[in-house]
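> Got a predicted structure here, sequence first:
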Amino acid sequence: MRILVSACLLGMRCRYDGESKACPAVLSLKEQHQLVPVCPEQLGGLPTPRPACERVGDRVMTGQGEDRTAEYARGAEQAARLYTLLDCDCAVLKSRSPMCGAGEIHDGTFSGGMLAGDGCLAALLKQAGVPVFTEEQTDSL
């Protein structure tokens, strides 16, 4: 399979804090599958590092109240376009992220709380019928 993967899970230092979240379970997928790394926040024009963001209703905001919804929407659209252009079969995305989280995301209070929901890219891919997994669900592939 060809799998679209959050680049931070592959060890790329592209997270908001300039770090990665390399995940051994995701890295091991390269033994049997072709992995396509993507950082949708960067595709949307955001720098690394950047202020942390959370979804607040239908908006994506920084803790300082700056609206980053446009950048997140642009990045999600570009990443979804790559998914299609590169003929991917599914996506493995960073859990709880305002862009990539699937099924659970931060609650928008910047307090560490969670709520049911999807990040911008996960929601867009799911709407298109794409199978979306997090790094915690790689055994379901």
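Looks like it came in fine.

> All the helices of the protein, residue numbers only.
Along the chain, counting by DSSP state H, helices occupy 24-27, 40-43, 69-85, 120-127.

> where do the strands sit along the protein?
Along the chain, counting by DSSP state E, strands occupy 2-6, 34-38, 53-56, 59-62, 90-93, 102-106, 114-118, 132-134.

> So which of the helices of the chain is nearest Phe110?
Between Phe110 and the helices of the chain, the shortest gap by Cβ to Cβ is with helix 69-85, which sits at 16.0 Å. The way it works is simple: take the backbone N, C-alpha and C, and place the C-beta from them, glycine included.

> Quick check: closest non-adjacent residue to the most centrally placed residue in the chain.
The centroid of the chain falls nearest to Cys100 when counting by Cα atoms, centre = their mean (2.3 Å). Excluding its sequence neighbours, the residue lying closest to Cys100 (Cβ to Cβ, 6 or more residues apart in numbering) is Leu93, at 3.5 Å.

> I'd say that neighbour and Phe133 touch.
Yes. Using Cβ atoms under 8 Å, Leu93 is in contact with Phe133, at 7.3 Å.

> Looking at these two, which is more packed in?
Comparing Leu93 with Phe133 by neighbour count (other Cβ atoms under 10 Å), the higher total belongs to Leu93, at 28 against 21.

> which residues does the more buried one bridge with?
Thr134 (DSSP bridges).

> List the residues that contact it.
Neighbouring residues of Leu93 by Cβ atoms under 8 Å, 6 or more residues apart in numbering: 4-6, 100-102, 119, 121-122, 132-135.

> Of these, just say which sits nearest to Cys88.
Proximity of the contacts of Leu93 to Cys88 (Cβ to Cβ) peaks at Leu4, which lies at 4.6 Å.
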